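# structural data only, the sequence is not supplied:
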């Protein structure tokens, strides 16, 4: 694994409370928004941004390097991977935070206080910190109009487990030790390793959940798992094949139905809010 640059000076003093992991491949058109939204976070605690690039042929790495020169919080891993979930596992292995958030290279945090809001009232390594902190995610085109998705966390999620409900992955801060305990992501899967991971966390640990009643991230439409009906169906089949040996045919089918209903209920039509707040902020020095 190739790490570009040594850990920043602040890392020698204290470990970060939150690790944000971004994986990329030829993401020059969008990754600057992702990095800007993380680098400009205002927090009273340390955090890090781990950027994992699998071998971009466009200027993605140049963009990452330029921001890394201005922000000591950015750590870089440049190495060929076997797909998005293998790259996420590399980021998880490098993470040092108590909590980990996976933010894709075409997503961005919705405000300068997103991390602070998620961790409000919590102290690093304190007894009683929730296992998962989950918030909502909007999915569409910033400032666009048309069909988009309001990916809300089901409010009954902390109480109703094992039925197929799930939090949006880009809005979930998970304790690193739990993610490591389930082996990270199943890199053999192409579309749904994030949901498979959540269902495994839910079943094996019955995690405590804190629900944030606000957005965490904005997702641009598209991506391997959301690029049309075909990938969505194939993702559901990956989940079903994972759940069936554990829960049996009937319950696995019911969980897929609940998961699908939740996804369909997220669909909206109209204007999506332009949350590119960082374009109106001074650049990080």
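Structure's in. What do you need? These numbers were taken from a predicted model, which means no experiment stands behind them. Numbering: from 1, shown residues only.
# residues in contact with residue 268?
147-150 (CB atoms under 8 Å, 6 or more residues apart in numbering). C-beta: built from backbone N, CA, C; applies to glycine.
# so where is the stretch 51-200 of the chain shaky, pLDDT-wise?
Applying pLDDT under 70 to the stretch 51-200 of the chain picks out no residues at all.
# residue boundaries of the helices in it?
Applying DSSP state H, counting those that start in this stretch to the stretch 51-200 of the chain gives helices spanning 60-68, 84-94, 114-118, 176-181, 193-205.
# residues making contact with the third one?
Residues from elsewhere that reach helix 114-118, judged by CB under 8 Å, 6+ apart: 18, 20, 37, 41-44, 47, 99, 109, 111, 133, 135, 173, 212, 214, 216-217.
# kindly recompute the last result at 10 Å.
Applying CB atoms under 10 Å, 6 or more residues apart in numbering, the contact partners of helix 114-118 are 17-18, 20, 37-38, 41-45, 47, 99, 101, 108-111, 133-135, 171-173, 210, 212, 214-217, 277.
# restricted to strands, list these.
Within those, residues falling in strands by DSSP state E are 18, 20, 47, 99, 101, 108-109, 133-135, 172-173, 210, 212, 214-217.
# picking up where we left off before, ChimeraX command for the buried members of the contacts of helix 114-118?
Here the buried members of the contacts of helix 114-118 are turned into a ChimeraX selection, burial being counted by 16 or more other CB atoms under 10 Å:
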select :17,18,20,37,38,41,43,45,47,99,101,108,109,110,111,133,134,135,171,172,173,210,212,215,216,217,277
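# and the buried ones among the contacts of residue 268, selectable in ChimeraX?
Only the buried entries of the contacts of residue 268 go into this ChimeraX selection, using 16+ other CB under 10 Å:
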select :148,149,150
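# nearest to residue 158, out of the helices of the stretch 51-200 of the chain?
Among the helices of the stretch 51-200 of the chain, the nearest to residue 158 by CB to CB is helix 193-205 (10.7 Å).
# pull up the distance across stretch 106-124, start to finish.
When the termini of stretch 106-124 are compared using CA to CA, to the nearest Å, they are 29 Å apart.
# what about that stretch, distance to the chain center?
Counting by CA atoms, centre = their mean, to the nearest Å, stretch 106-124 is centred 12 Å from the centre of its parent chain.
# would you mark the buried spots in it?
By 16+ other CB under 10 Å, the buried positions in stretch 106-124 come out as 106-111, 114-119, 122, 124.
# and those residues as JSON lines, adding distance to residue 60?
JSON lines is the format used below for the buried residues of stretch 106-124 (distance: CB to CB, whole Å):
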{"residue": "106", "distance to residue 60": "11"}
{"residue": "107", "distance to residue 60": "15"}
{"residue": "108", "distance to residue 60": "15"}
{"residue": "109", "distance to residue 60": "19"}
{"residue": "110", "distance to residue 60": "23"}
{"residue": "111", "distance to residue 60": "25"}
{"residue": "114", "distance to residue 60": "23"}
{"residue": "115", "distance to residue 60": "23"}
{"residue": "116", "distance to residue 60": "28"}
{"residue": "117", "distance to residue 60": "29"}
{"residue": "118", "distance to residue 60": "27"}
{"residue": "119", "distance to residue 60": "29"}
{"residue": "122", "distance to residue 60": "33"}
{"residue": "124", "distance to residue 60": "32"}
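# which single one of the residues you listed is nearest to residue 31?
Residue 31 lies nearest to residue 106 out of these, by CB to CB, at 7.6 Å.
# so what's that closest one up against?
Contacts of residue 106 (CB under 10 Å, 6+ apart): 22, 24, 27, 29-31, 33-34, 218-223.
# for PyMOL, write a command that selects the buried ones of those residues.
In PyMOL, this line selects whichever of the contacts of residue 106 come out buried by 16+ other CB under 10 Å:
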select buried, resi 22+24+27+30+31+33+34+218+219+220+221+223
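# on that earlier part again, out of the contacts of residue 268, who's nearest residue 203?
residue 149 (26.0 Å).
# for the closest one, list each beta-bridge partner.
residue 139, residue 267 (DSSP bridges).
# I'd say it and residue 232 touch.
No: judged on CB atoms under 10 Å, residue 149 makes no contact with residue 232 at a distance of 11.7 Å.
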